[in-house]
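Undergrad: dropping the sequence and predicted coords here.
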Amino acid sequence: MGIAGIRSILVPANRIRRNASHGINRAIQRARSRVMTVGSKCAVAVLVVMATSMSCVPTTGTKAALTSAERSTIKKAGILVESGGPFSVRIARDKMTNTGALLFGLVGAGVEAGYKASKDASYEEELTPFVQGFDVIKDSSMAFQENFLSTKLFSMSEIVRTRDELKERGFDALFTETIEEWGLRLCLGVENVQVAFDIHAKLVLLSDNVTVWERDELFTHGPCRPLADFRNDRELLGVELKRATKVLAGRIANEIAFP
């Protein structure tokens, strides 16, 4: 075989390697920004590998419970809700298979992860307009305030926008909810989806900056529906998100009040 023949083989091979490397980099960047961070926050580099054998397991549970003595010191509590990102959809990524890894090892897993993330991104782009009317921070904040007042959890509960307001307005404690991811998630064992919120919540005494209550929750709510239901009914997604927000706030209020 002449030099020209060898080059005809090596050039495509080099191109394949470059494309594979590019696919891995894109997949890792997607994973860094889009993969739901749950429980102990699995490292991004490991996420691609774990697609070949296992997945990150969401952690739900109360890490610290509020005592009656601690609760008695709280007369006025602030409510601060923060969101880590926009509406998201997890369908293709929750269907991750071992096929790519079995055929092409880490390269295959990376390519598959990138493709799945891209597929979910197309669902998000299609459905995001249907979220209009639902404000994840505003609706969540109001739901917590309503439930804290109805359960008489604290004498006063007020929504704050920033932490700078706390000292100025004389709060004893701050309740924070960090919404790590929210949107639609694939139901376990079926092809349908339901509303989901992945959150971290805690209550901190401001006098000594001590966390007296803390909880992680991967909260799913409502019936498992075909994705077509949300596509065909433009109001359904917003309604389900608002309903889930209220139920989640009620659950957390009860968890704090009745440990």
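TA: Good, I have the coordinates. For clarity, every value in this text was computed on a predicted model and none was experimentally measured.
Undergrad: longest strand in the protein, by residue count?
TA: As assigned by DSSP state E, the longest strand anywhere in the chain is strand 210-225.
Undergrad: and that strand, which residues are buried?
TA: Buried positions in strand 210-225, judged by neighbour count with 16 or more other Cβ atoms under 10 Å: 212-222, 225. Yep, even glycine has a C-beta here, placed from its N, CA and C like the rest.
Undergrad: list the strands paired with it, with their directions.
TA: Here strand 210-225 is paired, per DSSP bridges, with strand 61-64 (antiparallel), strand 193-205 (antiparallel).
Undergrad: so in the chain, where's the weakest helix or strand by average pLDDT?
TA: helix 44-50 (a mean of 37; mean pLDDT, DSSP states H and E).
Undergrad: please report the distance of K138 from N192.
TA: With the distance defined as Cβ to Cβ, to the nearest Å, K138 ends up 28 Å from N192.
Undergrad: among the two, which residue is more densely surrounded?
TA: More neighbours surround N192 than the other of K138 and N192, with 16 against 12 (other Cβ atoms under 10 Å).
Undergrad: ok so, going back, among the buried residues of strand 210-225, which two are most distant?
TA: The span of these, defined through Cβ to Cβ, is set by V212 and R225 at 38.3 Å.
Undergrad: thought K63 was touching L203?
TA: No: K63 is beyond contact range of L203, at 11.4 Å (criterion: Cβ atoms under 8 Å).
Undergrad: more neighbours: which of these two?
TA: Applying other Cβ under 10 Å to K63 and L203 shows that L203 carries more neighbours, namely 24 against 12.
Undergrad: per-residue confidence at the nearest residue to the more buried one once chain neighbours are set aside?
TA: Excluding its sequence neighbours, the residue lying closest to L203 (Cβ to Cβ, 6 or more residues apart in numbering) is W213, at 4.0 Å. With respect to pLDDT, W213 scores 97.
Undergrad: so what secondary structure elements neighbour the strand or helix carrying N254?
TA: N254 is part of helix 236-257, with elements assigned from DSSP states H and E. Judged by 3 or more Cβ pairs under 8 Å, 6 or more residues apart in numbering; DSSP states H and E, helix 236-257 is in contact with helix 136-150, strand 173-186, strand 193-205, strand 210-225, helix 227-232.
Undergrad: can you say which of the ones you listed is nearest to K75?
TA: Closest among the helices and strands packed on helix 236-257, once you apply Cβ to Cβ, is strand 173-186, at 8.9 Å.
Undergrad: against T73, how distant is the residue nearest to N254 when sequence neighbours are not counted?
TA: Spatially, and ignoring its direct neighbours in sequence, N254 is nearest to T151 (6.9 Å; Cβ to Cβ, 6+ apart). To T73, T151 is 18 Å away according to Cβ to Cβ.
Undergrad: tell me the secondary structure at L66.
TA: Three-state call for L66 (DSSP: H, G, I helix; E, B strand; the rest coil): coil.
Undergrad: can you list the low-confidence ranges for this structure?
TA: Applying pLDDT under 70 to the chain flags residues 1-60, 96-115.
Undergrad: what's the burial count for the residue nearest to N254?
TA: For T151, the neighbour count with other Cβ under 10 Å is 15.
Undergrad: torsion angles phi and psi at it?
TA: phi -90, psi 0 (degrees, to the nearest 10).
Undergrad: and it, what does it touch?
TA: 253-254, 257 (Cβ atoms under 8 Å, 6 or more residues apart in numbering).
Undergrad: look up the closest residue to L248, ignoring the ones flanking it.
TA: What sits nearest to L248 in space, not counting adjacent residues and going by Cβ to Cβ, 6+ apart, is F219, at 5.0 Å.
Undergrad: thinking again about what came up before, what's the PyMOL line that selects buried ones from the contacts of T151?
TA: Buried residues among the contacts of T151 (16+ other Cβ under 10 Å), as a PyMOL selection:
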select buried, resi 253
